[in-house]
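>>> Here is a sequence with its predicted model. Questions after.
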Amino acid sequence: MSLSNHARDRAEIADLMARYLFAMDYHDADAYAECFTVDGVLDYAMGTLEGREAIRAEAMIFRDKIAEVFKDWQGRPAKLRHLVHQKAIRIEGDQAWNTGLWWEMTNGGPEGRPATPSFGTYEDELVRVEGRWLFKRRKIYNEFLAGRESGSVNPVLAMENK
């Protein structure tokens, strides 16, 4: 793979991650589901979903589920904004793997100031389908939830051994 193709693939994968987070934070279930392959898998704190349509259905009720967990300083449902950092991406042809750190901001701090109530890592398998990178499998680790932590070993090592 040439350096320019590799750079383009990395940029397209980073763009997919941004689109995924904007869709989640702005409750766009259709755009969220379209980030996955038709048979994609989302493994997250509330369960494992298989298939784009199951992911879309869950995304449609995500706002209500999150409103029960995250509140602003006045007790109303908080606004969430997710960020991704430290993306380690490995690309081999039309397959790729990503390990990335995520964290989430809300307006749940005193008088609506930002709060950072949660963080974790993503473990992704991606495929290029008809020229577009999509999640084949996304596992979300939550460092603040018992049983969903990423562990004590550098998570990038697992990606490199695939």
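Nice, I can see it. Residues are numbered from 1 along each chain as shown.
>>> Could you give me the buried positions within the longest strand belonging to the chain?
Ranked by number of residues, the top strand in the chain under DSSP state E is strand 115-129. Neighbour-count burial for strand 115-129, counted by 16 or more other C-beta atoms under 10 Å, picks out 115, 117-128. C-beta: built from backbone N, CA, C; applies to glycine.
>>> repeat for stretch 13-20
13-14, 16-17, 20.
>>> One more: stretch 18-31?
20-21, 23-25, 27, 29, 31.
>>> What is the nearest of those to residue 81?
For these, the residue nearest residue 81 by C-beta to C-beta is residue 25; the value is 5.4 Å.
>>> Relative to residue 10, how far out is the closest one?
23 Å (C-beta to C-beta, to the nearest Å).
>>> need the buried residues of stretch 18-31 in CSV with secondary structure and distance to residue 59, can you?
Shown next, in CSV, are the buried residues of stretch 18-31 (DSSP: H, G, I helix; E, B strand; the rest coil; distance: C-beta to C-beta, whole Å):
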residue, secondary structure, distance to residue 59
20, helix, 10
21, helix, 12
23, helix, 8
24, helix, 7
25, helix, 11
27, coil, 8
29, helix, 4
31, helix, 9
